[in-house]
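Visitor: 3D model of this:
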Amino acid sequence: MNQRLLPIALLLACLAIAPRICAQAAPATKPGAAPAPVPYASVNELNGLLAQLDQAAQATQGDLAKLRVEKWKMDNAYKRQTAGNVESIRRNLQSALPEITSGLRNSPEDLAATFKLYRNLDALYDVLGSVAESAGAFGSKDEFQSLSNDLNSFERIRRAFADRMENLATSKENEIGSLRTQVKTLQAQVPPPAPKKIVVDDDEPKKPAPKKKTTPKKTTTPPATTQPASAPPSQP
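Guide: Numbering: from 1, shown residues only. As a prediction, this is how the structure comes out:
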């Protein structure tokens, strides 16, 4: 979904247009500085939606615990599938959903976290709707009525988060438009870099070519010949 890409697109749009100008347009922040505060109205809206979600999740867990799927008059394979769906919903409400909502509380206007919760609510709604449909066909009237109420609660909350996600996406789009305007303004103010000049000096004397080293020729001296010793004079 495009909404998930908007926070990244905000950065990419700046870097793609002019990295150096983007650094001038972005406000200077000190390392370790706290992020910009989230508007109170946005936090208040989120807290109200999460409170409704917590209440709906607790009510649904109580109603699921009252189901007697094993007594429903249905095919055994379908009965096992329904029981598996019930257990899947329980695990989601007890583990996955609290973890997702906790992350969203820490980052109230994070589009990725908001979409993650919406997608989880969408999956819960589909599986819970299947269980409620089976309860209407094979369960008691009370079981079907309680699950129908839970399903309506999740549908209402799911739509509310969809509206919030759309509003956040619109806000991010406006931020991108504002940033593009700042970048274009700064880009028009920055003069183009001066071309580099290359100077060639024709009067510069040429360097003498290096002399080649000559190696002296080796001379071979013939070995000295030894004179034979003179014979001693003969005796008379």
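Visitor: in this protein, which spans are helices?
Guide: Listed in chain order, the helices of the chain (DSSP state H) span 6-17, 19-25, 40-65, 76-91, 97-106, 111-138, 141-189.
Visitor: tell me which of these is the most buried.
Guide: Across the helices of the chain, the average number of neighbours (mean count of other CB atoms under 10 Å) peaks for helix 111-138, which reaches a mean of 18. For every residue, glycine as well, the C-beta is placed using N, CA and C.
Visitor: picking that back up, how about the helices of the chain in JSON lines, adding mean pLDDT and distance to residue 196?
Guide: Output for those, formatted as JSON lines (pLDDT from 0 to 100; distance: least, CB to CB, whole Å):
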{"stretch": "helix 6-17", "mean pLDDT": "44", "distance to residue 196": "25"}
{"stretch": "helix 19-25", "mean pLDDT": "41", "distance to residue 196": "18"}
{"stretch": "helix 40-65", "mean pLDDT": "95", "distance to residue 196": "51"}
{"stretch": "helix 76-91", "mean pLDDT": "96", "distance to residue 196": "66"}
{"stretch": "helix 97-106", "mean pLDDT": "96", "distance to residue 196": "51"}
{"stretch": "helix 111-138", "mean pLDDT": "96", "distance to residue 196": "45"}
{"stretch": "helix 141-189", "mean pLDDT": "88", "distance to residue 196": "22"}
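Visitor: tell me which of those sits nearest to residue 195.
Guide: helix 19-25 (18.2 Å; CB to CB).
Visitor: any idea how far the nearest residue to residue 125 once chain neighbours are set aside lies from residue 126?
Guide: Ranked by CB to CB, 6 or more residues apart in numbering and with sequence neighbours excluded, the top spatial neighbour of residue 125 is residue 154, at 5.0 Å. Look at residue 154 and residue 126: by CB to CB, to the nearest Å, they are 10 Å apart.
Visitor: do the same with residue 185
Guide: Distance from residue 185 to residue 126, by CB to CB: 48 Å.
Visitor: what does residue 163 give?
Guide: From residue 163 to residue 126 the distance is 20 Å (CB to CB).
Visitor: and for residue 184?
Guide: Taken as CB to CB, the span from residue 184 to residue 126 is 45 Å.
Visitor: what does residue 101 give?
Guide: Distance of residue 101 to residue 126, given as CB to CB: 19 Å.
Visitor: now do residue 170
Guide: 27 Å.
Visitor: list the residues that contact residue 118.
Guide: By CB atoms under 8 Å, 6 or more residues apart in numbering, the contact list for residue 118 reads 158, 161-162, 165.
Visitor: which one of those residues sits closest to residue 63?
Guide: Distance to residue 63 across those (CB to CB) is lowest for residue 158, with 17.9 Å.
Visitor: surely the closest one touches residue 119?
Guide: No. The criterion here is CB atoms under 8 Å, and residue 158 misses it with residue 119 at 10.0 Å.
Visitor: identify the contacts common to those two.
Guide: Joint contacts of residue 158 and residue 119 (CB under 8 Å, 6+ apart) do not exist.
Visitor: still on that earlier bit, could the helices of the chain go into a markdown table alongside distance to residue 195?
Guide: Shown next, in a markdown table, are these (distance: least, CB to CB, whole Å):
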| stretch | distance to residue 195 |
| --- | --- |
| helix 6-17 | 23 |
| helix 19-25 | 18 |
| helix 40-65 | 50 |
| helix 76-91 | 67 |
| helix 97-106 | 51 |
| helix 111-138 | 44 |
| helix 141-189 | 19 |
